[in-house]
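*Asks:* dropping a prediction and its sequence here:
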Amino acid sequence: MLNSDQTDIDLPPTHSEPESVFSDCSGSRAGSAEDAGGGVGLCPQSRITEPGEAVKKDLQHLSREERRRRRRATAKYRTAHATRERIRVEAFNMAFAELRKLLPTLPPDKKLSKIEILRLAICYISYLNHVLDV
């Protein structure tokens, strides 16, 4: 309960108008005592509420190409790209293995390079075309 001497509860000051994160610090509160504990010399309007806002603000002045380069330089992007590339290469190698199974070679278990598989496939297709034409 509040006694007659205590009319207000000790709460942090509230603002009647919403303040933008991007507004300038020319207001009367920029150097007030309330900000002394806020640290690092920032005015209340420039404090960032979400972690990604600082990055977004920094990237606004960059060109599209420079933003793309910076995004691609992140560890998360590199990991995702490496995963996609690994899946692509595995699918590519499986396709070569399936093609290799369809080609006749002596000995049948002979290990062929990718270029040898392609050249042998070309020769085999032309041979089959020749057999059909005769």
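*Replies:* All right, it came through fine. Residues are numbered from 1 along each chain as shown.

*Asks:* name the helices or strands packed onto the helix ranked longest in the chain?
*Replies:* In the chain, taking DSSP state H as the definition, the longest helix is helix 75-102. Packing contacts for helix 75-102, counted by 3 or more CB pairs under 8 Å, 6 or more residues apart in numbering; DSSP states H and E, involve helix 64-72, helix 114-133. Quick note: C-beta positions are derived from backbone N, CA and C, even for glycine.

*Asks:* buried ones in that helix, by neighbour count?
*Replies:* Buried residues in helix 75-102, counted by 16 or more other CB atoms under 10 Å: L99, R100.

*Asks:* in JSON lines: the helices and strands packed on helix 75-102, plus mean neighbour count and mean pLDDT.
*Replies:* JSON lines is the format used below for those (neighbours: other CB atoms under 10 Å; pLDDT from 0 to 100):
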{"stretch": "helix 64-72", "mean neighbour count": "11", "mean pLDDT": "85"}
{"stretch": "helix 114-133", "mean neighbour count": "11", "mean pLDDT": "96"}
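
*Asks:* and the ones you listed as JSON lines, adding distance to V89?
*Replies:* JSON lines is the format used below for those (distance: least, CB to CB, whole Å):
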{"stretch": "helix 64-72", "distance to V89": "19"}
{"stretch": "helix 114-133", "distance to V89": "12"}
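
*Asks:* and of these, who's closest to F92?
*Replies:* F92 lies closest to helix 114-133 among those, at 8.8 Å (CB to CB).
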